[in-house]
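**Student:** Compute the structure for the input listed below.
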Amino acid sequence: MVYSVLKRLIDILGAGIALIIFSPVILIVTIIGMLTSEGPVFYAPQRVGKGGKEFKMLKFRSMYMYKIDGQLVHARKYLEKNPKLMRQYQKSSYKLYNDPRVTPLGKFLRKFSIDELPQLINVLKGDMSLVGPRAYQKDELTHQQRIYPETKKYVKIILTARPGASGPWQTSGRSFINFDKRVQMDANYIRRKSLLYDMLIVGRTPIAMITGKGAV
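**Tutor:** A predicted model of the protein is given here:
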């Protein structure tokens, strides 16, 4: 109980301070995004949060918009209409290396995790925490648990906590870590329930952002 209260207070304070610090970066990226790519600057995909409840996770849009049936849609729809690309996406633990849908600006934002900065608003709203397990897509959880049935016990633990803007997998290799190892890592994080460990991950986050290790 004490851990949960202190963690939430730190989330609110930390996210508020981070938004102030990064506000010039957010403004610059917003302007560049508006000038260089057709479509909205922000993207809000559905993610599974605490208790299995879905929420809209805010990100800078890092992919092109596509015209399908006369409508401008997000790259996710383009992926769904290309079975070969979708199979490759699923096979690579829901990541695409050298993804053709990513814009030049998006490549830069993803490499340094700048596209994730709007998630600080999710933290303030209570959808997410500064530190926690990865925020998974619903279909990703369903599909990957079929491939790795032994991960069901870990996913059950993961859904007891708010997903994090940063976390153990984000600071330990990101996309180089497959789903089975990733959920085990996230579950172990939740079992520890340590503010000291949270602070350690927060300290590692800028290093992970600067090096861009594991980004796709």
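
**Student:** quick one: contacts of stretch 163-178?
**Tutor:** 15, 47-50, 57, 93, 95, 97, 113, 116, 119-120, 122-123, 127-136, 182, 185-186, 188-189, 201-202, 204-205, 207-208, 213-216 (C-beta atoms under 8 Å, 6 or more residues apart in numbering). C-betas here are computed from N, CA, C, even on glycine.

**Student:** Just the buried subset of these, written out for PyMOL, thanks.
**Tutor:** With 16 or more other C-beta atoms under 10 Å as the criterion, this PyMOL line picks the buried residues out of the contacts of stretch 163-178:
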select buried, resi 15+47+48+49+50+57+93+95+113+116+119+120+122+123+127+128+129+130+131+132+133+134+135+136+182+185+186+189+201+202+205+208+214+215
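
**Student:** Quick check: Gln137 vs Lys91, distance?
**Tutor:** Taking C-beta to C-beta, to the nearest Å as the measure, Gln137 falls 15 Å from Lys91.

**Student:** Settle it for me: which of those two has more neighbours?
**Tutor:** Gln137 (17 against 11; other C-beta atoms under 10 Å).

**Student:** as a whole number, average confidence for stretch 4-23?
**Tutor:** Average pLDDT, stretch 4-23: 96.

**Student:** what separates that stretch from the chain centre, distance-wise?
**Tutor:** Relative to its parent chain, stretch 4-23 has a centroid offset of 17 Å by C-alpha atoms, centre = their mean, to the nearest Å.

**Student:** buried set for that stretch?
**Tutor:** So for stretch 4-23, counting by 16+ other C-beta under 10 Å, buried means 7, 10-11, 14-15, 18-19.

**Student:** likewise stretch 24-31?
**Tutor:** 26, 29.

**Student:** Can I get that stretch as PDB, trimmed to CA atoms?
**Tutor:** Taking C-alpha atoms only, stretch 24-31 is exported to PDB below (Å, rounded to 0.1, in the frame of the first residue of the first chain):
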ATOM      1  CA  PRO A  24      10.900  22.700 -26.000                       C
ATOM      2  CA  VAL A  25      11.600  19.300 -27.600                       C
ATOM      3  CA  ILE A  26       7.900  18.500 -27.800                       C
ATOM      4  CA  LEU A  27       7.200  21.800 -29.400                       C
ATOM      5  CA  ILE A  28      10.000  21.400 -32.000                       C
ATOM      6  CA  VAL A  29       9.000  17.900 -32.900                       C
ATOM      7  CA  THR A  30       5.300  19.000 -33.200                       C
ATOM      8  CA  ILE A  31       6.300  21.700 -35.700                       C
END
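
**Student:** Right, I'll leave it there.
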